[in-house]
Every structure is written in structure tokens, then in C-alpha cells.
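> need a 3D model of the following:
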Amino acid sequence: MKKKLVLIGNGMAGVWCIEQLLKLAPHKYEITVFGSEPHPNYNRILLSSVLAGDADMKDIVLNDWAWYEENQITLYTGQTVNKIDTNHKMVISDAGVSVPYDDLIIATGSLPFMLPLPGADKEGVIAFRDIKDCETMIQTAKKYKKAVVIGGGLLGLEAARGLLNLNMEVSVVHINKYLMERQLDETAARMLENELRQQGMKFLLDKSTDVITGKKRVTGLRFKDGSSVEADLVVMAVGIRPNVELAKEAGVEINRGIVVNDFLETNIPHVYSIGECAEHRGIAYGLVAPLYEQGNILAKKLAEVDAGEGYQGSVVSTKLKVSGVNVFSAGQFTDEPGTRSVRVQDDFAAVYKKVIIQNGKVIGSVLFGDTSDSSRIFAMIRSEEDVTGKEKEILLGSGGDSAKGGLDFVAGMSNDEIVCGCNGVSKGSIIAAIHEKGCTSVNEIKACTKASGSCGGCKPLVADLLTYTLGADGVKTVKEGICACTTHNRDEVVEAIECMHLTTSKEVMHVLEWNNPEGCSKCRPALNYYLGMVWPVEHEEECESRFVNERNHANIQHDGTYSVVPRIYGGVTTPQALKKIAEVAEKYDVPMVKITGGQRIDLLGIKKEDLTKVWADLDMPSGYAYGKSLRTVKTCVGSTFCRFGTQDSIKMGIEMEKRFERLGTPAKVKMAVSGCPRNCAESIIKDFGVVAIDGGWEIYVGGNGGVRVRAAELLCKVKTEEEVLEWNGAFLQYYRENAKFNERTAEWIELVGIQSVRDALESQEVRISLVERIEKTLSLTTDPWKEIIAKEKLSQTFQPLQDPGASITVDK
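Okay, here's the model as predicted:
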């Protein structure tokens, strides 16, 4: 007769334990599982992907319905166990289902901590813990626009990222002076804050909430310092607490969590506990890897195989992708007396690395931006390796072969060492998948073991294991698609759009069999661009696929206000236009008016609700300072005034800007015209630069003056202004049709080589054809500011005269 095993909690920790038990003793137990949610076991780590629209429920399921059936597991979903009778060894659910047990695992997880604030019970105040919370936020975003997330930890930031993707204005309130203080030091946290501000998040740091305001529904928060913020939705993500009430009522010993020993036993015989609800040696773990380690030990205990010394606790590490940014921390990552550290910081590349060393051993680390060294550093922390005399090599390397170093590292790992912390996959499991299941690629290992299937941070380590096991020739190379949703690259996607006349993103995703039918934040904007480039007439702009600045037609600033940059052709304006800009700045209390590096005027600090009114009062075209399009054409005064000028650079620049304004491009495009080789307009560091010479013009392309400075390369020399415009249009269209989305001309030219562009544009017939195509696209563009103003005027014209909610009195 099989023994009866009941698992209370259908989450990641409990079901992982069952998986390991089935491997060790597949016929020992008759297993019953209770889960409060109406879903099979899913990856809670990926809830933020569901909220962001990058995945749906089926994408994050770890064990589908068929898995339970195949393993003869009785699963009760949507039922919460509300009583454990330890005397009669019986559990009873809120639906009245009673199930006896021989062994019982309590894996009830944790509950979100809700701050006991006045107003916390109002409509629109929720936690972020499960699928239902995601659904609530998605529905709320359809009706409301202002969200506040309380909590600047990982969960809060992931909630904020998802709400941004739902086109809500998001403010993150955090009681500390910097974000994620439990995982990052202040330097890494500030770098993260800067990245997230650029994505559109606002931050209210060092703030303590006093009350949640509103009548029936939340309308905002008021802080203890007297300041306030508006909100239609408040998401509390301030922490979790072990879910212990059920165990407590059953007489199980409770401290902060359910107290367990090294074999995960409670004080009551045959009752065990693992996961976030359990407390081992005074610690309740909230990360996945320790919970899987607990599950491994308990599975051995239940299977009656040698579990060694049992669970000895975990050295905690966190390897995450926060809103697209890789971060890692482990052990003690802050500087304390008696410690020394090695740091590498590159603000331009947004990379920061630090290891903390004490008594010759690495005791902690924090990595930001580049986490490729995380597994190696974490192994040093766990093994307590002596690094005396080699401290700098930890981050800077020894100058040897890095590929060989990666193979040496995986060779030295023990088989039970965890490679994928998100899914608890060990080196031994991956090696077994390679030998026993014939896996020859990272994707195949992901399908077999789930390694690299969540955050993807362990992908390089999995690849090293493949090479170490099979040799370089035995590893199957799998091409990378434009994103994780597909294996199709840019050229294949564009070819399919052209050949099959696909005109919407949905069509592309369906026909090319996207893994995620809704796409993700990486592929949706790319598809929107490719479709518009190939079919400018048939394709209807998909505004929801644009980035936040492009959706709002203005650049969001770190305080949540916006900047407005009107078009000033060639950097030349008039007294009348300057007066208008000044009057608007005064009328709307614009806190700063700044001359930009592109010879335009930037109005900074404009409230979102004032944008349309500002555009209307300016009555000037959009400068597209927010878009992947032509930004500016910078000019010098040229022969108009300058004694060195050889050509009329102002006239040339204005003609170029008027001709190509509003043009959508793979990435932003900056142009310039210099009136002589002195190059005062900086034409040599622009995407398209024109330099006047005696008797003609030189045309340069592929320059960049940003973080990675690149001098433009000479494309050709021409004699007339008409030829400049012809080459300008031909080059821009050739770039539009051949570059990847989000690829600047500098990167593209480096990749394809300047000679290939010269060869492609050598024929005038080809150039004319390209110009015709770009002119067709330009003929379909409209100024977005004027379009929005016209729509608002139209909606006001057709507003009902009588408020439908007002009472009507008829005079008899």
C-alpha cells in the first residue's frame, strides 16, 4: 500500500519538492495537493512579465494540468485548507473536502504585508502577489491613469514597470533614501534609479505615507512631511510575512515562521514545512534557490534516502533582471569596518561591480549592468576560497583566455551546485540532460530542465557547461531572433512582411508563429517600425507599441514633468517666434527655458495635463526631440555672414530639415551642415553631415557624438544643392530599409562598411528610386501636436450639452 502524502500549497517550493520525490521514489506515495488559486503551479517570479504584457498565464506555468495527471497526483485548485487535525492526521478544505495523510507538507508561502494606514481599505488599494492582482491592475489601467507603488524593492519596481507598460503614470514611494537597499549598495541603487527614470518612472524617496486619501475609491496619498501625490491605483509592495495561521491553529510551533529543523520537520511528527512559510535556524527565506535546496533535502527524507547532514541554511544570492537591467548581489555587499573592496564603475556603459573581501576571502558582492561574473563570484563566497594576492583578478581578470577561464570554472563546480537559481537546476541536472536526453543547445536544456528559463542570467554558464561536456563542435548553434518571442531575425521578419503582405503586428506574430502571441516590449516597437517602413500606406500606426516618450510626443523628465521642443529649422528663428515661446513659458510657469546642443529651444518642466495647451499656444511644429526620427539639422552661418564660408549652409540646412521632418527612422537621426571645412556645425559627428568646400559639398555619414564618439566617414562629393538633397534622401531611405530597429547609423555603418553603402548608392537610378519611396512615406506624415489639438477640438465640439448625470427640471 502506498503511503498518503498531502501538500498544502501549490506553489514553487512545495511542487519542486514533489518533483524531486517522484524522481527518487516514484511509487512510494499517493499524493494530494491543495492550492488556493485556480491555476496549476506557476512561476511567481515571472508575474511582472504577465503584468508588462510580455507573457500570459500559460507562459509562466511550471507544471501544467497534464503533469499532475501523468504523475497520478490529485489536485484541488481554488480550495484553501482551513483545518489540520494532527490527532487524526486529516486536512479539511474550505470546500468541505477531507483528505487523510501519513505525511504532511505545509508550504503555504507568504502573504503580502499591507501597511495599516488610514484608507488602506479603499477601492483601488491592492497588493502585488498573484495572478488576480495582475488582472486587477490590467483592468484598472483601462479606466484610470495615475498609479502609485508603495515600496522600492524588487517587487515594487517590477509592478511599476508593468504599470508603465500599461500606459499609466507611475510614481514609486520608498521609505529609504535609495532603492532596493536589501540587494544593492547606494551606488548601484542610484544607477538603477537613473535607468528607471529614463524609462518613465517617477520616484518619491525618503517618504513615509501618513494616509491614503479619497472617499470610496483612492484619490491619492498624503505623506508625513505634508506633501502629497495623486493616485487612482495604489499598489503595496512593502514586503511579505510567512503565512502561518493554519499551522499555528494546528499546534505547530511558530516563531516568525513555522519552526523546522535541518530535515524540515516541525515539532509535530510527520508534519513538515518548506518555503517562505518555514523558519530554519531563525531565518525565513524569501528567495527561490534556498527554497529549492530545502525541497531537495525534504524529498530525500521522505524517500528514505541519505540526506546527509540535512539542510544547513543557504548563502543568499540575488540575480535578477529589474525592468530589463541585470543586477546581482550576494552575502555582505556593504562596506563595513574590517572589510576591503575592489570596485569597477563605468557610468557611460552603466556597469558597476564590487566585491567585499575580509581576511582574504570574498564575503559579498554587488553587480549592476553586467552580471556575467556572478556565478564565479558566488562560488568563491560559498567555497570561502582564499583570494589573497588575487583580489583584483576577481573583477579585472588575469589577462588569460576568458573562454578557457569559463570552462575551467564549470569544470571545478560540484554536481550539486546550483546553476539556475530561479529554477533550482544544478550542474548535475544539466549534465544529465546533455547525456541522457541528447540536449545540444541552450534552448534544448531550457526545455528539459528550465535552466535559463526565467531571468536568463545563467545562460552564459549553461553555454559553458554545454561546451565543457560536448566540446565546441558538439554544441548546436541556435540563431537569435529579434527578441525572445521568435527565432526569426530582422531580415526574415521584413522579408515575410513584404512577401506575404502583412500589415499588422498581430498578423506577423500569427503567421511567423511567435512564442508569445502578444509580443513583448522589445519586438512590438520593432514590428511597428518595420511594417510602417514596408507598407507606409496600408499599415496603421500602432501607438500602443511606441515607447512612453513617443506615445506622449514629449520627453518625460525625472520629476514626471515633460519637455517640449518646437521645430526650429536649421537653428534659425524670428523675433515673433521667440516672443511666442516666451509668452508660453510665462503663461504655464515653465521653470526652465534652455538652448539645446542642436540649436533649438527646450521648455522644461511642463505638466502632462498642460501639454496640448502648450502645443496649441506655441502653434509651431513638433521638434520630435522624443522620437526615432529626424531630430535636428544643425547649421553654421556659412557664406551668409561668415568670412570663411564657401556655401550657404543655412539655406541648405533649412531645406534638409523641412524635407525630412517627421520621418520615422530605425533610431534617432541628427544632421548638420557646415559652411566650410572648419566644421563649426560639427558635421563630422552626425548621422548625415554636409561640409561645404570650394565648388561643392562633401557628404559624411555614420558619425556619433554621444557616449561612444565616432567620426563620420566620407560618402561622396557633389557639386550642387540638388545633389545633396538627392543623396540625403537616398541614404536615409537605404538606412531605413536595411538597418535593425534601434540601430544608429554609426553602428550600422560599422557593421556593413562604408564601401557597401557607396556601392549601393552609386547608381543615380537607384538613388532616384529610393528618393521616390521616402517621398511617398513623407507625404503620409502629419504633425502629431497639431493632430492631437484637432482631435481635442473635435471632441469638445460634439460634447453633450446636458450632463447625463444631472437632473432635468421641466417648467410646466
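> report the contact partners of the residue nearest to D610 when sequence neighbours are not counted.
Spatial nearest neighbour of D610, chain neighbours left out: Y588 (5.4 Å); criterion: C-beta to C-beta, 6 or more residues apart in numbering. (C-beta placed from N, C-alpha, C; glycine too.) Shown in contact with Y588 (C-beta atoms under 8 Å, 6 or more residues apart in numbering): I606, K607, D610, K613, V614.
> ok, now D783?
P621, S622, R662.
> confidence score at it?
Here, the pLDDT recorded for D783 equals 89.
> for the closest residue to I581 other than its chain neighbours, give me its contacts.
Leaving aside its sequence neighbours, I581 sits nearest to I601 (C-beta to C-beta, 6+ apart; 5.7 Å). Contacts of I601 were listed using C-beta under 8 Å, 6+ apart, and they are V565, P566, I568, T573, I581, V593, K594, I595.
> out of those, which sit inside helices?
If you go by DSSP state H, these have I581 in helices.
> most widely separated two among the contacts of I601?
T573 and K594 (14.5 Å; C-beta to C-beta).
> when the two are compared, which one has more neighbours?
The residue with more neighbours, out of T573 and K594, is T573; 17 against 12, by other C-beta atoms under 10 Å.
> any idea how far E655 is from the more buried one?
T573 sits 17 Å away from E655, taking C-beta to C-beta, to the nearest Å as the criterion.
> next one: I377
56 Å.
> which of these two has more neighbours?
I377 (23 against 20).
> in contact with that one, which residues?
Per C-beta under 8 Å, 6+ apart, neighbours of I377: A330, V355, V362, S365, L367, I394.
> same question for K392.
Counting by C-beta under 8 Å, 6+ apart, K392 makes contact with V342.
> next, it: phi, psi?
phi -70, psi -30 (degrees, to the nearest 10).
> ok, now how distant is it from S341?
On the measure of C-beta to C-beta, K392 and S341 end up 11 Å apart.
> dump stretch 11-21 to PDB, keeping only the CA atoms.
In PDB, the C-alpha atoms belonging to stretch 11-21 read as follows (Å, rounded to 0.1, in the frame of the first residue of the first chain):
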ATOM      1  CA  GLY A  11       3.500  26.900  -5.200                       C
ATOM      2  CA  MET A  12       7.100  26.700  -6.400                       C
ATOM      3  CA  ALA A  13       8.700  25.300  -3.300                       C
ATOM      4  CA  GLY A  14       6.200  22.600  -2.500                       C
ATOM      5  CA  VAL A  15       5.800  21.300  -6.000                       C
ATOM      6  CA  TRP A  16       9.500  21.400  -6.500                       C
ATOM      7  CA  CYS A  17       9.800  19.000  -3.500                       C
ATOM      8  CA  ILE A  18       7.200  16.700  -5.100                       C
ATOM      9  CA  GLU A  19       9.100  16.700  -8.400                       C
ATOM     10  CA  GLN A  20      12.300  15.600  -6.600                       C
ATOM     11  CA  LEU A  21      10.400  13.000  -4.600                       C
END
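> all helices for the stretch 51-200 of the chain, in order.
57-60, 65-70, 131-143, 154-165, 186-199 (DSSP state H, counting those that start in this stretch).
> can I get those in CSV including mean neighbour count and distance to L117?
CSV is the format used below for those (neighbours: other C-beta atoms under 10 Å; distance: least, C-beta to C-beta, whole Å):
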stretch, mean neighbour count, distance to L117
helix 57-60, 15, 31
helix 65-70, 13, 40
helix 131-143, 16, 18
helix 154-165, 25, 16
helix 186-199, 19, 24
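> compare those helices and give me the one nearest P460.
helix 186-199 (20.4 Å).
> what's in contact with whichever helix or strand comes after the closest one?
Next helix or strand after helix 186-199 toward the C-terminus (DSSP states H and E): strand 202-205. Under the contact criterion C-beta under 8 Å, 6+ apart, strand 202-205 has outside partners 152, 169-174, 176-179, 193, 196-197, 223, 229, 558-560.
> tell me which of the residues you listed fall in strands.
Residues of those located in strands (DSSP state E): E169, V170, S171, V172, V173, H174, F223, V229.
> hang on, the last one packs against E169?
If I follow you right, that is V229. No: applying C-beta atoms under 8 Å as the test, V229 and E169 come out as separate, 10.3 Å apart.
> those two: which is more packed in?
A direct count of neighbours by other C-beta under 10 Å for V229 and E169 places E169 higher, at 22 against 19.
> with A160 as the reference, measure out to the more buried one.
11 Å.
> gap between the spatially closest residue to G689 that is not a sequence neighbour and V425?
Counting by C-beta to C-beta, 6+ apart, G689 lies nearest to S683, which is 3.1 Å off, once chain neighbours are set aside. Distance of S683 to V425, given as C-beta to C-beta: 53 Å.
> thank you, goodbye.
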